[in-house]
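>>> using only what follows, build the 3D model:
(one chain, ligands or ions: 2)
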Amino acid sequence: MIITDVSVKTFLTTTRRHSDSAGHAHPGPAHQVQQAMIIIRTEDGHEGYSFTAPEIVRPHLIEKFVKKVLVGQDYRDRERLWQDLAHWQRGSAAQLTDRTLAAVDVALWDLAGRTLNQPVYKLIGAYRDKVRAYGSIMCGDEIEGGLATPEDYARFAEKLVKRGYKGIKLHTWMPPVSWAPNVKMDLKACAAVREAVGPDIHLMIDAFHWYSRVDSLELGRGLEKLGFDWIEESMDEQSLSSYKWLADNLDIPVLGPESAGGKHWHRAEWITSGAVDILRTGVNDVGGITPALKTMRLAESFGMDCEVHGNTAMNLHVVAAAKNCRWYERGLLHPFLEYDDGFDYLNQLSDPMDEDGYVHVPNRPGIGEDINFDFIENNLVS
Ligand SMILES: O=C(O)[C@H](O)[C@@H](O)[C@@H](O)C(=O)NO
Ligand SMILES: [Mg+2]
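Ligands and ions are numbered 1, 2, ... in the order given. Predicted coordinates for the structure are as follows:
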């Protein structure tokens, strides 16, 4: 049961996803990027794994914080190990972030599942084995036939409905697109999608914090006429009072926070201040599966749904272990990318979606990522 080592393998993987100068993903030519796999090993040889960017598990963090907290400890003591790492964040000179806590926590859950030969959502206490996915579309772009016009969004939405999606979320145009953000263009894209898919498909928008209160109000009122399910991150989530103002002035549910820090503690303040109608969590956003579950239960205590940010199996297990969540966010999607192609370092997708739009939780032990260890060994960087 005792953890004897924490290590990291960094390897090359090929992707067609490129980040723009604001961090938004867009399709482009295939290129190689570095990915990291953290490995937590116990005395009896069991291992747990999780994937993240190499800088999130760089040697300084593993040696100065992670190993000092984990090595010599019982791998089953996830709550205490998470609390010890979270407590050390304050004294880490802002080096130990929620992303690193998430990578460690996910690997600990994976270790538990692999050791006990059980999928994580069953260890937590499953609520369901499958969940509806919404297609989370990439931010708009200026690519011919991509997501450059409202008609492009409408055409892609029709394709997603044919694939089986019963919900679609638009990330609209944002800087560095020269004329963005633009409320009227956002509403044109949303109207074109509603026209294309009809009244029964659930639609949401994620405006990615580019708007003022007044712009957000105009956007929200327009979405109310189009029957959207929620408006997400239309303003900077560092302004709690702006979201309280928006939620007070809109009928459409306001969902958040996604990118605001403070884990489940700060999300309690968002609820009690009336800043949101639907809470948001995410394994990477709050520091792991452990705090994401706390956030789900917090929202449930207030009669509130809590929607989980992000794809991959780690988020899917959180969704599967909670009643107060309606969707799995499957994405990010683009007309020029085939999401179902997956990743070269995994043997199969961890979030396969059936033709009815349901994603089935992997029943493989642990997180359930079907890791191609040979690929990783053959493409090692360090
Ligand atoms: O880069 C990000 O912050 C996320 O990928 C984001 O674009 C998207 O996943 C999101 O906000 N979903 O709600
Ligand atoms: Mg979002």
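
>>> what does the stretch 151-300 of the chain put close to ligand 2?
On the criterion C-beta under 5 Å from the ion, ligand 2 has as its neighbours in the stretch 151-300 of the chain the residues 206, 258. For glycine as for every other residue, the C-beta is placed from the backbone atoms N, C-alpha and C.

>>> and with 8 Å instead?
Among all residues of the stretch 151-300 of the chain, those adjacent to ligand 2 (criterion: C-beta under 8 Å from the ion) are 169, 171, 206, 208, 232-233, 258-259, 280.

>>> any of these buried? List them.
Burial of those was assessed by neighbour count (16 or more other C-beta atoms under 10 Å); the buried members are 169, 171, 206, 208, 232-233, 258, 280.

>>> per-residue confidence at whichever residue of the stretch 101-250 of the chain sits closest to ligand 1?
Per C-beta to the nearest ligand atom, Asp206 is where the stretch 101-250 of the chain lies closest to ligand 1, at 4.8 Å. Looking at Asp206, its pLDDT reads 98.

>>> could you find the closest non-adjacent residue to it?
With C-beta to C-beta, 6 or more residues apart in numbering as the criterion, Asp206 has its nearest non-adjacent residue at 4.2 Å, and that residue is Glu232.

>>> contacting residues around the one you found?
Glu232 makes contact with 169, 204-207, 255-256, 258, 280, according to C-beta atoms under 8 Å, 6 or more residues apart in numbering.

>>> ok, now Ala196?
With contact set as C-beta under 8 Å, 6+ apart, Ala196 has these partners: 154-155, 157-158.

>>> quick check: bridge partners of whichever residue of the stretch 51-200 of the chain sits closest to ligand 2?
Closest residue of the stretch 51-200 of the chain to ligand 2, C-beta to the ion: His171 (7.4 Å). His171 forms beta bridges with Asp206, as assigned by DSSP bridges.

>>> so it sits right up against Phe208, yeah?
Yes - taking C-beta atoms under 8 Å as the definition, His171 is a contact partner of Phe208 at 6.1 Å.

>>> just to revisit the earlier point, so what's the backbone phi/psi at the residue nearest to Asp206?
According to degrees, to the nearest 10, the main-chain angles of Glu232 amount to phi -130, psi 130.

>>> for Arg17, same thing?
phi -90, psi 130.

>>> just Thr42 next, same as before
Dihedral angles phi and psi of Thr42 (degrees, to the nearest 10) take the values phi -110, psi 170.

>>> what's around the residue lying closest to Leu147 once chain neighbours are set aside, how many residues?
Taking C-beta to C-beta, 6+ apart, and ignoring the residues beside it in sequence, Leu147 has Gly140 as its nearest neighbour in space, at 4.6 Å. Gly140 has 27 neighbours, counted by other C-beta atoms under 10 Å.

>>> go on, Gly72?
Quick note: Gly72 (other C-beta under 10 Å) scores 11 neighbours.

>>> ok so it is a helix residue?
No - according to DSSP: H, G, I helix; E, B strand; the rest coil, the state of Gly72 is coil, so it is not within a helix.

>>> pretty sure it contacts Met1?
No - under the criterion of C-beta under 8 Å, Gly72 lies out of contact with Met1, with a separation of 11.1 Å.

>>> center of this structure - which residue?
Per C-alpha atoms, centre = their mean, the C-alpha nearest to the average position across the chain is that of Gly310, at 1.7 Å.

>>> find the nearest non-adjacent residue to that one, please.
Gly282 (4.9 Å).

>>> tell me the contacts of that neighbour?
Applying C-beta under 8 Å, 6+ apart to Gly282 gives the contacts 258, 292, 308-310, 315.

>>> again, but for Glu258
With contact taken as C-beta under 8 Å, 6+ apart, Glu258 is in contact with 232-233, 237, 280, 282, 285, 309.

>>> over to Lys64?
Contacts here follow C-beta under 8 Å, 6+ apart; on that basis Lys64 touches Gln95.
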